[in-house]
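A.B. asks: kindly return the folded structure for what I paste below:
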Amino acid sequence: MVIPLMFSPSLLADKKCLYVSSYHQGYAWSDALEQGMRSVLTGHCEIRQIDMDSKRQKEPAQIKQAVAAVISQIKNWQPDVVITSDDNAAKYLIQPHYKDASIPFVFSGVNWTVEEYGFPYSNVTGIIEVAPLDAMLSNASRYSGGRTQAVYIGADTLTEKKNLKRVAEASQKAGIQLTGKLVSTTQEWQQAYLEAQNSGFIVLGSFSGIQHWDENRLSAFAIKNAKNLVVTSHDWMMPYSTIGFTKIPQEQGEWAAQAALEILKGRSPSEIPIVSNRKWELWINHQHLHATGIVIPRKLLRKAKKVTL
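C.D. replies: Model (predicted):
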C-alpha cells in the first residue's frame with residue numbers, strides 16, 4: 001500500500017523521496033524509525049511510503065509480490081532518492097535489482113553487517129543497526145550472580161537469525177554458554193520462556209513474526225513466571241524483560257534522512273560512508289525485577305528509564 005505523506009509548500013522543486021519499509025505500520029521499530037526520517041525530510045521533498053509487510057506476509061511468493069510493487073512504484077514515480085528500512089528491503093529489493101543503478105538508495109536498520117549484500121554499491125549508502133551486546137551480556141552475568149549460561153528466545157525470522165548469531169558470537173567472547181530458541185507461535189514462546197527459567201539468564205529477541213502476539217496476556221505471563229533475569233536490546237520487549245540495553249530507532253531514520261538530503265543536493269552516495277548507530281538507552285521493568293527478587297545497584301536504577309505496564 002502506498003501512503004502519500006503531507007508536505008509543506010516549501011518543498012524543493014521536483015524533489016521526490018520514496019520510503020520503503022520492510023515491515024508494516026504498527027511495528028514499533030519501523031514506526032519510530034519512520035518518525036525520525038519524517039522529522040528531517042518533511043518540507044524538503046515530496047515523500048511517498050510503501051510497506052513491504054514482510055514480517056507478516058513472509059512467504060516467498062508474498063515477498064516477490066511486495067518487491068514487484070516497489071519496483072513498479074519506482075519506475076512510475078521516478079523518485080530522486082529511495083530510503084529503505086531493515087534487512088528485507090536490502091536483501092530482496094536493493095541487492096538483486098538496483099546494484100550500481102542510476103537511482104540512489106539510503107538503507108537503514110540493516111542488522112550488524114552488510115557483507116551478505118555486498119554494500120556499498122556506487123549508488124548505495126546507509127546506517128547499520130548494532131546493539132550494545134557487550135554491556136548487556138556483562139551486566140546480565142553480573143546481576144544474575146555471575147552465571148555463565150543463557151538462553152536466547154526470538155521469532156523464527158531472518159532478522160532474528162542474524163541477531164542470534166551476533167549474540168552467540170558476543171557470548172562466546174564473554175565466556176557465556178548460549179542456547180538459541182527461535183519460535184513461530186506464542187505457545188512455543190511461552191514454553192521456551194518457562195524452560196529458560198532453569199538457565200542462568202535470558203536474552204529476549206523480538207516477538208515480531210510470532211503469530212497472534214497478545215502484549216497484555218504475555219506480559220502478565222512473563223511477570224507471573226519470572227525467576228531469572230531477562231535482558232533485551234529492543235525497547236518493545238521491555239514488558240517481558242527485566243533490563244533493556246536498547247537501540248534508538250529514530251537515530252537510524254534521522255541519519256538516513258540527512259544522507260538523503262545530501263544526495264538531493266548533488267552528493268553521490270559513494271561519497272557518504274556507511275556508518276553504524278552510536279546511541280543506546282537503559283530501561284528497567286520494576287514489576288519484573290520485583291518478581292525475580294534480583295537486587296540491582298541503585299545507581300543503575302536511577303539512570304534507567306522505567307517501564308509502565
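A.B. asks: show me the shaky parts of the stretch 201-309 of the chain.
C.D. replies: 306-309 (pLDDT under 70).
A.B. asks: repeat that for 80
C.D. replies: 299-309 (pLDDT under 80).
A.B. asks: helices of that one, start to end?
C.D. replies: 215-224, 249-264, 286-292, 298-303 (DSSP state H, counting those that start in this stretch).
A.B. asks: mind giving me the packing neighbours of the helix ranked longest in the chain?
C.D. replies: The single longest helix within the chain, with elements called by DSSP state H, is helix 60-77. Counting contacts by 3 or more Cβ pairs under 8 Å, 6 or more residues apart in numbering; DSSP states H and E, helix 60-77 packs against strand 16-21, strand 46-51. No exception for glycine: its C-beta is placed from N, CA and C like everyone else's.
A.B. asks: and the angle from the next helix or strand after it to strand 46-51?
C.D. replies: Later in the chain than helix 60-77, the nearest helix or strand by DSSP states H and E is strand 81-85. Here strand 81-85 points in a direction 40 degrees away from that of strand 46-51 (axes from the mean of the first three to the mean of the last three Cα atoms, to 10 degrees).
A.B. asks: now do strand 81-85: distance to the chain's middle.
C.D. replies: Here strand 81-85 is found 16 Å from its chain centre; the criterion is Cα atoms, centre = their mean, to the nearest Å.
A.B. asks: relative to strand 16-21, how tilted is that strand?
C.D. replies: Using the same axes, to 10 degrees: strand 81-85 against strand 16-21 is 20 degrees.
A.B. asks: ok, and what's touching strand 81-85?
C.D. replies: 16-23, 30, 33-34, 37, 45, 74, 90, 93-94, 103-109, 126, 252-253, 256-257, 260, 263-264 (Cβ atoms under 8 Å, 6 or more residues apart in numbering).
A.B. asks: Ile176 contacts Gly146, doesn't it?
C.D. replies: No - judged on Cβ atoms under 8 Å, Ile176 makes no contact with Gly146 at a distance of 10.7 Å.
A.B. asks: the two: which has the busier surroundings?
C.D. replies: Ile176 (21 against 8; other Cβ atoms under 10 Å).
A.B. asks: skipping its backbone neighbours, what lies nearest the more buried one in space?
C.D. replies: In this structure, Ile176 finds its nearest non-sequential neighbour in Thr148, 5.1 Å apart by Cβ to Cβ, 6 or more residues apart in numbering.
A.B. asks: how much space separates His288 from Pro297?
C.D. replies: 17 Å (Cβ to Cβ, to the nearest Å).
A.B. asks: in the stretch 51-200 of the chain, which spans are strands?
C.D. replies: 81-85, 105-111, 124-129, 149-155, 177-183 (DSSP state E, counting those that start in this stretch).
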